[in-house]
Each structure stands twice: as C-alpha cells, then as structure tokens.
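# Structure of the sequence below:
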Amino acid sequence: MALQGVLLDIDGTLVLSNDAHAQTWVEAFADYGYEIQFEQVRPMIGMGGDKIISQLVPGLTKESEDGQAIDKRRKELVLNQYAAQMPPAEGGRELVLKMQEEGLRLVVASSASSEELGTLLKAAQVDDLLEEATTSSDADSSKPDPDIVQAALKQGEFQPDQVVMVGDTPYDIESAGKAGVKVIAVRSGGFSDEQLAGAIAIYDDPADLLAHYDQSPLKKGLFSMDS
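Numbers count the residues shown, from 1 in each chain. Below you'll find the predicted structure:
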C-alpha cells in the first residue's frame, strides 16, 4: 500500500530539545524539595510528564498538589527560559517540505501541551508548515500508551497501514506499535540503536533521512507493513 501520510514527533526529532527537557524536570523538582539527577530523568524523556513524575518519585502523581506544581514549573521553564536555547534538528524543515512536495499529509503526534507545542514548532522552524497536530489534551494516556498516535490517526482519517511515524525515542516506537503504526527513528534524540531496535529504519537525523529519501520507507510505493 502506498504511503498516504506521516505522523511526526517534534521533541528530539525536529528540535534538539531532549536535554533541555530533562534539565527543566531537574530544576522543577528541586524547586519543590525533590532531588532528582539529570541522569535519572534523561532516559525517560519522550514519555508523558505524568509517567515521568510517578516513576521518579513513587507515590507522587501529576494530579497531586506537588505534582501539579512541579509540572506547571517545568512548563514555565520550557516556555520562558529553555525554548530559546533549543536548536532545530539539521534538515528538519527541508524534510518536512520534501514530504509535503511528495504529497504526504503530515500530522504532528506530540505529548506536549498545546502551548508548548507552538513554542516547539517555532524552535524547530516548522511552525508555518505544520497545521495539523494532536497534543496531550487529545489523549487520556501519554506515551508510551498509544492514545496520542491513535488521536493523530483519527485526525488524519488514516488507517495504521497508510502511515509511518517519524520519532526519536523508544516510547515513540512503543506507542506507535500499539496503534499498529511502524516507525522511522532518528538518533537526534540521543537514544542508541539498541534502544531504537523496534524501528523499521534508523537515521542520524532528519538531514540523513532526507539524503536517503528515495531509498527510505517514506518514498511512496516502497512502503508496506512488511518493510
């Protein structure tokens, strides 16, 4: 079946934000008396914030008073301090343009809030190109649960075998897999090939994927669920 669309992760995929996100968690937790090391939270980036909070501090939830305060502080740090320091991934804008030129419909599938997503798209230099998106408000459960991917499929009116997802974390691969969607992974999120082993193809970054576009699963006619 020819590829009809692409579901796009943003953090770590089109913008190099994963280290910054980890640091905002460290600082937000510290502001409320919790000592969390960067090395503890960095491997969790790509999960939803609710899961990060409960894994880092057993018994603490995003709905608790401290959990709500920590998540609010983290968001403030992202929007007001760290977003300006997040560089776009090499080749990200060019890859988006290429996929659009190829006639693919692009839908963002992100666990970020709507407010954060706008800032991230701007940092990725694709805010003028990507209009269709699902965010944390469109899902009951965050990555690695499949809700975000399923919401993106619904928005695009896609069947799972009509699309592929481009992402950077094991949580993208797990969430997409649960929704029946295969993933092209990029290493720009900082995860190893072993951690990304469930992807159907792995590239260094969007520029590398673009350079090998005609041989990649993105090329219409080359994609199938047996890829």
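# Surely residue 156 and residue 165 touch.
No - counting by CB atoms under 8 Å, residue 156 stays clear of residue 165, with 11.5 Å between them. Every C-beta, even on glycine, is put in place using the N, C-alpha and C of the backbone.
# Name the residues contacting each of the two.
By CB atoms under 8 Å, 6 or more residues apart in numbering, residue 156 and residue 165 have these common neighbours: residue 7.
# and the two? which has more neighbours close in?
For residue 156 versus residue 165, neighbours defined as other CB atoms under 10 Å are more numerous around residue 165 (28 against 20).
# That one contacts residue 181, correct?
Yes - applying CB under 8 Å, one finds residue 165 in contact with residue 181, separated by 5.3 Å.
# overlap in contacts of the two?
By CB under 8 Å, 6+ apart, the residues touching both residue 165 and residue 181 are 7, 149.
# How much space separates the residue in the chain sticking out farthest from the centre from residue 70?
Ranked by distance from the centre of the chain (CA atoms, centre = their mean), the top residue is residue 33, with 28.7 Å. Using CB to CB, to the nearest Å, residue 33 is found at 10 Å from residue 70.
# Wait, residue 130 touches residue 96, no?
Yes - the pair residue 130 / residue 96 is scored as a contact, 6.7 Å apart, by CB under 8 Å.
# Which residues are in contact with each of the two?
Residues touching both residue 130 and residue 96 by CB under 8 Å, 6+ apart: 8, 106.
# Tell me where this structure has helices.
Secondary structure of the chain (DSSP state H): helices at 18-31, 38-41, 49-56, 65-77, 92-101, 114-123, 147-156, 170-178, 206-211.
# Which one of these lies nearest to residue 6?
helix 92-101 (5.7 Å; CB to CB).
# Extract the residue ranges of this structure that are flagged as low pLDDT.
Residue ranges of the chain with pLDDT under 70: 1, 220-227.
# how does it divide into domains?
5-17+87-215, 18-85 (automatic domain parsing).
# most tightly surrounded among those?
domain 5-17+87-215 (a mean of 21; mean count of other CB atoms under 10 Å).
# Any idea how far apart the tips of it sit?
Start-to-end span of domain 5-17+87-215 (CA to CA, to the nearest Å) is 17 Å.
# Show residues contacting stretch 71-88.
Applying CB under 8 Å, 6+ apart, the contact partners of stretch 71-88 are 14-17, 20-21, 23-25, 27-28, 31-32, 49, 53, 62, 113, 115-116, 119-120, 122-126.
# repeat that with 10 Å
For stretch 71-88, the surrounding residues in contact (CB atoms under 10 Å, 6 or more residues apart in numbering) are 11, 14-21, 23-32, 49-50, 52-53, 62-63, 112-113, 115-116, 118-120, 122-126, 206.
# ok, residue 168 touching residue 192?
No - applying CB atoms under 10 Å, one finds residue 168 not in contact with residue 192, separated by 11.6 Å.
# quick one on the thing from earlier: the residue farthest from the centre of the chain contacts residue 66, correct?
Yes - using CB under 10 Å, residue 33 is in contact with residue 66, at 8.4 Å.
# Tell me who's in contact with residue 111.
Residue 111 touches 9-11, 46-51, 117, 134-136, 138-139, 141-145, 147-148, 171-172, 175, counting by CB under 10 Å, 6+ apart.
# shared neighbours, residue 168 and residue 192?
In contact with both residue 168 and residue 192: residue 202, using CB under 10 Å, 6+ apart.
# Can you verify my assumption that residue 119 contacts residue 110?
No - in this structure, residue 119 is not within contact of residue 110 by CB under 10 Å, at 11.6 Å.
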